[in-house]
Each structure stands twice: as structure tokens, then as C-alpha cells.
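*Asks:* build me a model from this:
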Amino acid sequence: MTTDGTKGELQEAAPKGLFIIGGTVKEVITTSEPKMVREHLSSLLQVKNLVVLLGSGASFHLGSPRTRDLTNKQVVELIKDSGEQPTDGDAALLSTINPTDSGDLEKLLNGLQLAASLADQAGQDAVTLGSGSASKSYQREEVDGLRQRINRALAEACRLPKESGGREAPYNIDPLFAHRTFLSRILRSRRANLGRPRIFTTNYDLVIESALDELGYPYIDGFSGTVDRRLNPAFYGLDFHRVETTTQSVLARAEGALYLHKVHGSLNWRSSSNRDRLTGLESVEVKQSNAPAQDDELVLIYPTSSKEGDTLAYPYSDLLRLLSDAVQQEDTAVIVAGYGFADPHINRLLLRSLATNSALSVIVADPFAVLDDVDMATLTSEAEHRQLEDLDITPKNTAIAALARASDSRIAVLTGEHGKFTEFARLMPGSAPQGETPAAVAALIEALEQAARGSAPAIPGSEIS
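*Replies:* Now for the predicted structure:
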């Protein structure tokens, strides 16, 4: 980087990202094509067992809601955006339980849950919050009502993609482009004899499913049935194979398939109590439905302090067990994108596996969790091959920054602009048009069908009319 150029030249020379392996800076990225990152990803995609963990950051470009540093007014707006009307007392209750006016939804929901539980435990209809002259009494129903409204608002905000007005190109027109690119390149880059990729996500949204549907790729999500779809974890033991239609003999394993695990639930999951027709015994089922749901029907783990306890219940315990089993296998790589390591129950599985499984490799992509922009801008190629801790910068106090500093060659961290999911998807090995294929094919099919009806203009790029 030079210091005597124009401002534009300085911006062009500024690092776009940083690639770290085992605490050592491997590449200060100043171009759009970081060679070492692609080479590293290429090697990881060829391991026997590939695990992908996606968090909310993988959906930020589609309007995934913020859950931290929210003002009380923004929380009220979140409720309004979900189609609900806040009560007259919501603003006052928020100002009491969040006096700094800079809230974390997890802490906010924790406080409301604890306040309502305290009143319930004491057999009281109200609970007093605040201190001194600012203390105020609130009805238990009022406290619990606000908690439920925030829960519903959070779930509604996760119905993605949002309206295209606030999205950057090309996601304003083709919102699932990055997800299609990411998934298709993972599937097409792996050799046919390798294990199926296993996608684990903490997200409630249906973006992954929609992207796979657009790609036309088969996937196993643990549900059986077609009309009445019910979760059955035993289905994760199944696979897809091509068969000869007349003899029904197996020809080969079908290509382009994966397993999908939604460890915190999904917007289209519903809790249902069923009674067995033969035994009369009652059991809890998880079904898929896109119909509106009551609060107690949604199968979601909300961001509260009780979420770790919630994971001990069905179906979350089964899904986390599958994650634990996946990261304990030999010759395994875990690709992490958009996950900020805010869930102790997941962190514990990953860290224990790193401690016990010497054949486990991890790469984490995150744009902002390691360095401040000011520190990132000071880096030059002179930082390469040096330990991150030896540089004249101060890494952030985050879990991902701690991973970046770790002197373990199995751990890699990609941060800066290239750590964004949209950029990370583009860096996955594979040819560029893969993410665009479904839209192009769909347009061609539509043009051919219109031409057959005699109502279409010429197909673009052809002489047929």
C-alpha cells in the first residue's frame, strides 16, 4: 500500500480480507480472487465427511433481522412490522427493563421471561421492576404478553427474502443467487464417491430449502410423507440411488443430494399431539405446514437463556446428536458461515470435537468479528507469514477472534469483505454460471412453451421464432 496516491487509489489498495490458518496470516487479500482461500476450500471439499454450519449472517443480505444493539423504539417497530399492534404499556415496560436503550433481544427476552416466571412462582398477579423511584409494577400478563409479541415478531421477521427495496444487486432481482451458488458449488465440486454434505443451520427461514428447490437438487430433511409430512430422524439414514425402471436394479448413487438439519426449528414446523390408533398412547409429533400457527404450535428455539435447556427436548436433541456424530467422524471438515458462536450447546460440540478428533478441520467465514476496520486498513503484505498476535493490531474480544489467534493448523478464519456470505459463496470452487443456471433454464423453457403456442417472440440468441 502506498501513502502518496489519491484517496481512490488508497481505497483500491486497502485489504479486502484476511485469511488466517493456525493463528498465522496466510494472505492479506487485496484482490477479488484470493488464491490461497480457493486452494484451501478446494482441499476441504474433498474430505470424506463435509459438514456445513450456517447462521443468521448467511441471510443478512436478504433482510435477516438484527438482534443486537436495538433501541426500544426499534423493538416496537419490529412488533409493528410483524403485523401486530403494541399495547400502550409496551414502551414503558421496555424502557424499564432496557434502561440503556441499547438492547440485545436475547437479554431482553430473558428479562421478560424471568420476570413473568418470578411472578408466577410467587403466586402474584404483578411483578415490580426497576429500582428506587423508577420502579414500577407490571401485570404478569402484560410482561408475558410483550415477550410473546417479540417472539412472534422475530419469527415473522425471519420470513425471507424480504421486499427487494433494501437489497443490493443482484439480490434485489434474484435473492437466492448466493445460496444457489454456494450449494451447487459444494455439491458439484465433490467427487462422487464421497459422503453426502450435511448442512446444519440455526436459521428459521426457508431460504436453503427454496434454493435447493430452484436448483432441482434432492435433499433429505428428516421428514417422511408428502401430504402429511412428519419429522422422523431415522430418515437421515436414507439416501438417493438411481434405479433401472424395468428391473428395479440399483445403477448408482444419485448425484447432487445432501442432508439438511435445522437444529433450532423452522418456520414451517408445527407441534402436534397425536394419539396412536392401535395403542391409544399419546405422543408429540413435528409436522410441516405453511398455514398460520398459534404460539404453542411453532417449533422454534427462541434466543433466551433457556435455549440450551430447550435443546434437550425433542426434536432438537436428536438433531444436535446428528451434529455431534458428524463432527466426530474421521477425515471431516466443517465450513462455518454466518454463525457467530453465540450458542453454547453448538460451541461445545465443535470445541470438544476439535479436542478429540485430530482429523477434523474447520474454516470460519465472518466479515467483522476479528478486526476493526481501522486495524484491517493498516495491514499490508508484510503481515503475511506472521502470527496475528505479533502484529501491531488489537483483535476483537469475540469467539471467532479467539479462533483466529489459536495456533492450531486445523483452524482457518476468513474475515473482512470476503467473510460475507455473498462473497464466500462466490469464492467456493466451481464455475461461475452454476448459480445462474436455474433462472436461465427456466427462461428458456418458458420461451419454448410460448413459441409452441405461437405467442412468443424469438428466443434470445436464436433464429427460431
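
*Asks:* can you pull the contacts of A155?
*Replies:* Neighbouring residues of A155 by CB atoms under 8 Å, 6 or more residues apart in numbering: 82, 204, 267, 298, 300. For the C-beta atoms, the positions are set from N, CA and C on the backbone; glycine is no exception.

*Asks:* S56 against S64, yeah?
*Replies:* Yes. In this structure, S56 is within contact of S64 by CB atoms under 8 Å, at 5.0 Å.

*Asks:* list residues touching both of those two?
*Replies:* N203.

*Asks:* out of the contacts of A155, which is nearest to L44?
*Replies:* Y204 (27.3 Å; CB to CB).

*Asks:* which residue is nearest the centroid of this protein?
*Replies:* Nearest to the mean C-alpha position of the chain, by CA atoms, centre = their mean, lies G55 at 2.6 Å.

*Asks:* tell me, how many residues neighbour the residue nearest to that residue when sequence neighbours are not counted?
*Replies:* Closest residue to G55 apart from its sequence neighbours, by CB to CB, 6 or more residues apart in numbering: Y339 at 3.1 Å. For Y339, the neighbour count with other CB atoms under 10 Å is 25.

*Asks:* any idea of the pLDDT on Y339?
*Replies:* Looking at Y339, its pLDDT is 96.

*Asks:* quick check: it vs K35, distance?
*Replies:* Relative to K35, Y339 is positioned 26 Å away (CB to CB, to the nearest Å).

*Asks:* make TSV from the contacts of A155 and add distance to E27, pLDDT and secondary structure to it.
*Replies:* What follows is those, written out as TSV (distance: CB to CB, whole Å; pLDDT from 0 to 100; DSSP: H, G, I helix; E, B strand; the rest coil):
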residue	distance to E27	pLDDT	secondary structure
S82	43	88	coil
Y204	35	95	coil
L267	38	94	strand
L298	43	83	strand
L300	39	88	strand
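
*Asks:* for N357, state which of those is nearest.
*Replies:* Y204 (29.4 Å).

*Asks:* can you count the residues close to the nearest residue to the closest one once chain neighbours are set aside?
*Replies:* Here the nearest residue to Y204 in space, its sequence neighbours aside, is C158; by CB to CB, 6+ apart that works out to 4.4 Å. If you count neighbours by other CB under 10 Å, C158 ends up with 21.

*Asks:* give me the buried positions along stretch 303-312.
*Replies:* Judged by neighbour count (16 or more other CB atoms under 10 Å), stretch 303-312 contains these buried residues: 303-304, 307, 310-311.

*Asks:* those in helices, which ones?
*Replies:* 307, 310 (DSSP state H).

*Asks:* out of the buried residues of stretch 303-312, which comes closest to A377?
*Replies:* Looking across the buried residues of stretch 303-312 and measuring by CB to CB, the closest to A377 is P303, at 32.6 Å.

*Asks:* name the nearest residue to that closest one, ignoring sequence neighbours.
*Replies:* P303's closest residue in space is E106 (CB to CB, 6+ apart), at 4.1 Å.

*Asks:* residue contacts, that neighbour?
*Replies:* 67, 303-305, 342.

*Asks:* between these, which sits nearest H385?
*Replies:* Looking across the contacts of E106 and measuring by CB to CB, the closest to H385 is A342, at 32.0 Å.

*Asks:* relative to L260, how far out is that closest one?
*Replies:* Here A342 is placed at a distance of 21 Å from L260 (CB to CB).

*Asks:* with Q46 instead?
*Replies:* Plainly put, Q46 is 21 Å away from L260 if you go by CB to CB.

*Asks:* the two: which is more packed in?
*Replies:* Comparing Q46 with L260 by other CB under 10 Å, the one with more neighbours is L260, at 20 against 14.

*Asks:* in a helix, that one, correct?
*Replies:* No. The assignment for L260 by DSSP: H, G, I helix; E, B strand; the rest coil gives strand, which leaves it out of any helix.

*Asks:* correct me, but it touches S210?
*Replies:* No. Taking contacts as CB under 8 Å, L260 lies outside contact range of S210: 11.8 Å.

*Asks:* so which helix or strand takes in the nearest residue to T304 once chain neighbours are set aside?
*Replies:* Leaving aside its sequence neighbours, T304 sits nearest to L109 (CB to CB, 6+ apart; 4.6 Å). For L109, the host element (DSSP states H and E) is helix 105-121.
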